[in-house]
Each structure stands twice: as C-alpha cells, then as structure tokens.
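# Mind folding the following:
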Amino acid sequence: MTCRPCRFLAGWCLALSLAFAGCGTPPARETPGTSGDGTAPVSLIVANATVVTVDGASRVLNPGSIAIDGARIVAIDTPEIIAARFSSPEAIDLGGHIVLPGLINLHTHAPMVLYRGLADDLALMDWLQKYIFPAEAKTISPEFVRVGTRLAALEMIRSGTTLFADMYYFEEEVAAAVKESGMRGVLGQTIIEFPVADASTPARGLERAEAFVTRFKDDELVVPSVAPHSMYTLDTATLQAARALAVKYSVPLQIHLAETEEEVRISRERHRLRPVAFLESIGFWAPVTLAAHGIWVTPDEVTLLVSRGVGVSHNPESNMKLASGTAPVPAYLAAGAKLGLGTDGAASNNDLDMFEAMRAAALLHKLTTRDPRVVSAAQALAMATIGGARALGMDDRLGSLEPGKLADLIAIRTDHARQVPLYDPVSHIVYVAHGDDVVLTMVNGRVLYRDGVARTLDERRVIADARAAADQVRKAVQAP
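Prediction:
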C-alpha cells in the first residue's frame, strides 16, 4: 500500500508530467474536461491490480489502478485516487492479478516458428547449414511467412509479448501479420550473401530493404529496420551499404554478432580482427544498432559497444540449446549496456515465451558466476521491458508504466496452486510465472487478448493454416 506522503508525491509528479509532457517523453493526449461529478473522462480504467511499473523508482502499487485515454497512460495511483479523479465508460477489474509492462522480445525470426522441432540437439553451424537453410530454400514463400508470423504473433500475444524485433525474408508479410494482430514490431528485411527466397543477391536484398523501409516508415505499429544477417555472411561493402541505408532513413540496424566461437575464427581468418573490432573498423554502427547475442566479446569490446550505444539482445535459451556460449551479461549490466532479452526463433528455442527467457537469464548467470546475487529478478524483468525499449531507442514511450507512455501492458493471474503464496510481485513474475498465466494483453490501449480469447486473430484458422504449412515442410525435407 502507498502511504499518504507517497500519494501526495505521486499526484504532484503526475501534475508535473502532464504539464511538461513534451520534455523527454511524447506528449500524452490532453485530458478531457471534467464531467458533471468533477472527474475527468478517460477511455479505460484498469483497476485494483498489483501494478509493477518498472519506472525509474521501481514503484509497485498494491493495489493500484491505471487511467488510460486512447493509446496513452494518463495516471497511475491507488484505486481510490484514480476513482476520485477519473471516470470511464469501461473498466477492467484485475483484482488478484499483477499488471506489468508488455514484454519486449528483442530478437526473433517469427516465421521460423513453423520449423519448431524440425532439427534439435545440434551445433549452430550444423543446424543452419544442414537443416534450416535447406528447409528454407524449399519452403519459404510470402504465404508461408504470413502463416508463420500469424502463429508466432498468436503465441506471443497469449504469453504477454507486445513488441518483438524480427529479422527474416518477405518482411512485408511479417508486417502485414503484425498489423493484423495489433502487436508492435521492429521488423528487419534480411540481407544475406547467398540466394534466398526473396532476393537472389545481396544487392537485391538491399533494394528490398529500402522498399520495405519506405513503405512502413511512418506506421503506427511497425518500425522498419535494415537487417544484414552477420559479418560472416556478407562482405564489407554490403555491410556498409546496409548501415548507410539505416542512417539515410533514421531506422534501426539489426545484426547477429559474436554468436559463436566459429564466427570469431572466421572473422580472424578473413579480417585479422574479432567481429566487434571488424565492425568498428568499417564504421558499421548506426545511431540505433541492435546486436543479437553478443556472446564472444572481450571486456574491451563490451566497453566499446556501450560507448557506441549498441543495443544487445541476450537470448539465453537459444544460446544454451545450441551450446553457443554464455553472454557476459553481468559485465554488460555493470557497464550500463542497453541490454534486453530475446527468445530467438522458435526453431532453436523452441517457444516464444518471454517469461521463460527471464527465468533462464536469471538462473544461467547465477550458475556460471557461482554468485546467486547476479542478475536479480528486478534486473531480469527490466531487461525484458525497459531494457528492450532502450536497446531499440523507444524507452521514451515504451517499456514501463508511466503517465504519457503508450498503454502497452499485460496482466498475469496469481490464483493457481503454483502461484501461492505471493510475497514479492517482481520475484513472482520472474521465478514463478509462465506465459500461460497471462490473462490480458493490451497494446495502444486496445485489448488483444483476454481470459483465453484472442481478440484480433482467429485462433482456429491460424492453427489450421500452420498445420497445413507444417505438412509442406515435412514433404520438403522428408521429416517424419
């Protein structure tokens, strides 16, 4: 419960945040005039939950309510204060639930959910070159990508992810499925050296990337990006051209980086430099660069990535499953890196549950450092929310529950046997909760999922289409 001085301070800070909404955060929608009873009308009130804000003060209100007008959060306070100040034609009572910011999956390949379980228990290069690349060559099409992304979006919405960063082919189909689902996506058209389904050459990949960026540059839900696959699958000129394209349109740049020891070996053989040093030497970093994995880096390279403002996606489950290595997450955190969490594609995970990613990240680094204090529950939650937003340059509007920010939030239940008792909500989120515990997913103040029902996607059709696509994969690769 918040004490009276805290309530006064919260109200005073709210007044300042509304008065100076243009300073550092996008302006909130202007609060409408008061109604007859003296309250301000808003479009929605989320009431009576335990609200984990992940704001700068790490506030937890128990209980708390949130006033939302349109796409933005107007106020967060105790239920009594919100009820006294705001009225709404719609309220969602979440008593007994925990409300938190929507989770940000910082690295995935959404359509690859259709290869879930196709090839397991293999090293990365064998997995890619002997199974995934050949399967993609035989099955990828615009329709395949659209079907796979719908399935991935359904899985993510049901498990509390509201934004994901993606790299794949036919990314315009990924974008179409994202907009249909109501989620957010930072979506990258992949550029790679060998012929793929949507581009026969890297030059054609760059052309497609530019067309994709210009098409979705000002979209409400889709942030287009440029996604050169890696330093070992592209030459220097193409990497520099990809960077120039991202800078030209002021969009993010995504790349796989230092994922395996083999990548380091290849980089040294070709360039006599490690991957981070090579990309530094060619001036690769854009104002918003997202590096997936960042495992095989030295302390000096961690410092360099931080100095260049490079965001890093830690993908613990995929890295463990492929035995790629363990990213130096404690070092990243100590250096103040823009660090978030991702699942990677479901072909190497094998799911898109960000609650599992949080738990795995916290436990993995306690084990490898032999220090139970490393990667606390609060740090793991921050990585999955505000950390991901920072890595994408979107923390001014996403990643925490604060007045003026967009109303992207989720709620999890706490009434199952596994969830009782509950002492610390943050610990509960990271060490107890699963994606299946999500009861509400909201983006832009719009409910996408509630109490087992997807509101934007036809679940039966999505699953039926995915099963048909899986039959196509079986035939193509002669899988059982």
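# What ranges does the stretch 101-250 of the chain have for its helices?
For the stretch 101-250 of the chain, the helices defined by DSSP state H, counting those that start in this stretch cover 124-126, 133-139, 142-158, 171-181, 202-216, 236-249.
# Which among those is found nearest to Leu44?
Nearest to Leu44 among the helices of the stretch 101-250 of the chain is helix 142-158; the distance by Cβ to Cβ comes to 18.2 Å. The way it works is simple: take the backbone N, C-alpha and C, and place the C-beta from them, glycine included.
# State the mean pLDDT of that closest one.
For helix 142-158, the mean pLDDT works out to 98.
# Run the angle between that helix and helix 171-181 for me.
Here the directions of helix 142-158 and helix 171-181 differ by 40 degrees (axes from the mean of the first three to the mean of the last three Cα atoms, to 10 degrees).
# got the buried residues for helix 142-158?
Buried residues in helix 142-158, defined by neighbour count with 16 or more other Cβ atoms under 10 Å: 144-158.
# Tell me which other helices or strands that helix touches.
Under the contact criterion of 3 or more Cβ pairs under 8 Å, 6 or more residues apart in numbering; DSSP states H and E, helix 142-158 touches strand 161-168, helix 171-181, strand 438-443, strand 446-450, strand 453-454, helix 459-477.
# Tell me which of these sits most buried.
Most buried of these by mean neighbour count (mean count of other Cβ atoms under 10 Å) is strand 161-168; its value is a mean of 28.
# Domain boundaries for this protein, per the record?
Following the assignment in automatic domain parsing, the chain carries domains at 4-95, 103-391.
# looking at these, which is buried most?
Ranked by average neighbour count under the criterion mean count of other Cβ under 10 Å, these are headed by domain 103-391 at a mean of 21.
# and the end-to-end length of it?
Criterion Cα to Cα, to the nearest Å; first-to-last residue distance in domain 103-391 is 13 Å.
# and it, how far out from the chain's middle?
10 Å (Cα atoms, centre = their mean, to the nearest Å).
# Out of the helices of the stretch 101-250 of the chain, which gets the lowest mean score?
helix 124-126 (a mean of 82).
# for the buried residues of helix 142-158, which one is nearest Ser65?
Nearest to Ser65 among these, with distances taken as Cβ to Cβ, is Ile157, at 23.5 Å.
# The closest one and Leu448 touch, don't they?
Yes - between Ile157 and Leu448 there is a contact at 5.1 Å, judged by Cβ atoms under 8 Å.
# intersection of neighbour lists for the two?
Residues touching both Ile157 and Leu448 (Cβ atoms under 8 Å, 6 or more residues apart in numbering) are 181-183, 441, 454, 456.
# CSV for those, including distance to Arg268?
Output for those, formatted as CSV (distance: Cβ to Cβ, whole Å):
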residue, distance to Arg268
Ser181, 42
Gly182, 45
Met183, 40
Thr441, 45
Ala454, 48
Thr456, 47
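# Farthest-apart pair in those, please.
Applying Cβ to Cβ across the shared contacts of Ile157 and Leu448, the maximum distance is between Met183 and Ala454, 11.3 Å.
# Enumerate every residue touching Asp436.
By Cβ under 8 Å, 6+ apart, the contact set of Asp436 is 158-159.
# Check the secondary structure at it for me.
Secondary structure for Asp436, judged by DSSP: H, G, I helix; E, B strand; the rest coil, is helix.
# what's the least confident helix or strand in the protein, going by average pLDDT?
Using mean pLDDT, DSSP states H and E, helix 4-19 stands out as the lowest-scoring helix or strand of the chain, at a mean of 36.
# what are the pairing partners of the next helix or strand after it, and which direction each?
Moving toward the C-terminus from helix 4-19, the next helix or strand (DSSP states H and E) is strand 40-41. With DSSP bridges as the test, strand 40-41 is paired with strand 86-87 (parallel).
# After the strand it pairs with, which helix or strand is next? Please name it.
Per DSSP H and E, the first helix or strand lying C-terminal to strand 86-87 is strand 91-93.
# circling back: closest to Val374 among the buried residues of helix 142-158?
For the buried residues of helix 142-158, the nearest to Val374 is Met156 (27.7 Å; Cβ to Cβ).
# my guess is that closest one meets Met183, correct?
Yes - contact status for Met156 versus Met183: in contact at 6.7 Å, counting by Cβ under 8 Å.
# who touches both of the two?
Common contact partners of Met156 and Met183 (Cβ under 8 Å, 6+ apart): Phe164.
# average pLDDT for stretch 101-117?
Stretch 101-117 comes out at a mean pLDDT of 97.
# Check stretch 54-73 too.
The average pLDDT for stretch 54-73 rounds to 98.
# mind saving the C-alpha coords of that stretch as PDB?
Extracted C-alpha coordinates of stretch 54-73, given in PDB (Å, rounded to 0.1, in the frame of the first residue of the first chain):
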ATOM      1  CA  VAL A  54       9.300  -0.800 -13.900                       C
ATOM      2  CA  ASP A  55       9.600   3.000 -13.700                       C
ATOM      3  CA  GLY A  56      12.700   4.900 -12.500                       C
ATOM      4  CA  ALA A  57      11.700   4.400  -8.900                       C
ATOM      5  CA  SER A  58      10.700   0.800  -9.400                       C
ATOM      6  CA  ARG A  59       7.300   1.600  -7.900                       C
ATOM      7  CA  VAL A  60       4.900  -1.200  -7.100                       C
ATOM      8  CA  LEU A  61       1.300  -0.200  -6.200                       C
ATOM      9  CA  ASN A  62      -0.700  -2.800  -4.300                       C
ATOM     10  CA  PRO A  63      -3.400  -2.200  -5.100                       C
ATOM     11  CA  GLY A  64      -3.100   0.200  -8.000                       C
ATOM     12  CA  SER A  65      -5.200   1.400 -10.900                       C
ATOM     13  CA  ILE A  66      -4.300   2.900 -14.300                       C
ATOM     14  CA  ALA A  67      -6.300   5.600 -16.200                       C
ATOM     15  CA  ILE A  68      -5.900   5.300 -20.000                       C
ATOM     16  CA  ASP A  69      -7.200   7.700 -22.600                       C
ATOM     17  CA  GLY A  70      -6.900   6.400 -26.100                       C
ATOM     18  CA  ALA A  71      -3.500   4.900 -26.700                       C
ATOM     19  CA  ARG A  72      -1.700   6.500 -23.700                       C
ATOM     20  CA  ILE A  73      -1.500   6.200 -19.900                       C
END
